[in-house]
Structure formats: structure tokens, C-alpha cells
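Student: Mind folding the following:
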Amino acid sequence: LAALQVETRTLAMLLRLLCQLHAACTHLAASAWGLPSSMQETAGHVRHGVEGVQASLSHAHSFHDLSSLVLVQSRETMTRAQLSIDKLLEYVGQRAPLPWLVGPFAPALVEYPEDVPVEMAKWEGCITIG
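Tutor: Sure thing, here's the model as predicted:
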């Protein structure tokens, strides 16, 4: 009985994690509009794969309800999703412009072009490099 309860809780936790992952992948796919089409497609494939795994596991009450084929396919799908997300992160990390990644956290770099004088009084006490 205790083993069945652990299995039921584990499956429920897995389904909650898949739901959270699906929401994150949906947001990722929607946010990828500024990336090249291949990266947008990759984000869409990840979302679709997570949806498939979620659908495959959603009706199970225990792991015994799932065939070994479904479990193997789900694991392979999640491995491909992880590799695809790593590929997206690598692409963004290597090719995205610095202001796009840093945004408002570097106001001296983003908001003030080199030819515009910056009022240094507001930066008093800051450590400068170089």
C-alpha cells in the first residue's frame, strides 16, 4: 500500500512538472519571434514534444498503466527537448546583441551613446573599470 502511494504521488508530481514545463515552453515559443525561423521551429518542436508526453501520461493512475514503449518514447522526447533547449540557449548566448541580453541593467552602456556627455555626478561612488 505504501509503495502504491509513493508511486501515485510520484506520478502526480511528474504531471505537475510537465504542466509547468509546458507553460514555460509555450512562453518560450511565443517569445522566440525575434529569432531566426530555425530557432522558432525548435522552440515549437520542444513545446509540441512536451505536449505529447503530457498527453501520454495524463490518463495514467500509476506507472503500471503505462507501457514500456510509452515510457521509453517519453524519455527520448524529453531528452530531445533538453538538447533543443540547450541549442537555443547556446544560440542566444553566442549571437544575441549585448544590450538585448543586458537591457536596463547597464544604463551607461545602453542609454548613453559615446558622443553624448554623461553627467558623472550621478555615478559618484561607483567603481569604474579601465
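Student: counting contacts, what elements does the helix ranked longest in the chain pack onto?
Tutor: Of all segments of type helix in the chain, defined using DSSP state H, the longest is helix 2-31. The contact analysis (3 or more C-beta pairs under 8 Å, 6 or more residues apart in numbering; DSSP states H and E) places helix 2-31 against helix 37-57, helix 68-95. In this view, the C-beta of every residue, glycine as well, is placed from N, C-alpha and C.
Student: Redo those as CSV? Include mean neighbour count, mean pLDDT and distance to Leu18.
Tutor: As requested, these are exported to CSV (neighbours: other C-beta atoms under 10 Å; pLDDT from 0 to 100; distance: least, C-beta to C-beta, whole Å):
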stretch, mean neighbour count, mean pLDDT, distance to Leu18
helix 37-57, 17, 93, 5
helix 68-95, 13, 92, 9
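Student: coming back round to it: any idea of the angle the longest helix of the chain forms with helix 37-57?
Tutor: 150 degrees (axes from the mean of the first three to the mean of the last three C-alpha atoms, to 10 degrees).
Student: buried ones in helix 2-31?
Tutor: Leu11, Leu14, Leu18, Leu21, His22, Cys25, Thr26, Leu28, Ala29 (16 or more other C-beta atoms under 10 Å).
Student: Could you report the pLDDT at the fifth one?
Tutor: So the one you mean is His22. For His22, the pLDDT comes out at 92.
Student: Same question for Cys19.
Tutor: In this model, Cys19 carries a pLDDT of 92.
Student: For Pro36, see how far away the spatially closest residue to it that is not a sequence neighbour is.
Tutor: Spatially, and ignoring its direct neighbours in sequence, Cys19 is nearest to Gln54 (7.0 Å; C-beta to C-beta, 6 or more residues apart in numbering). Separation of Gln54 from Pro36 (C-beta to C-beta, to the nearest Å) stands at 27 Å.
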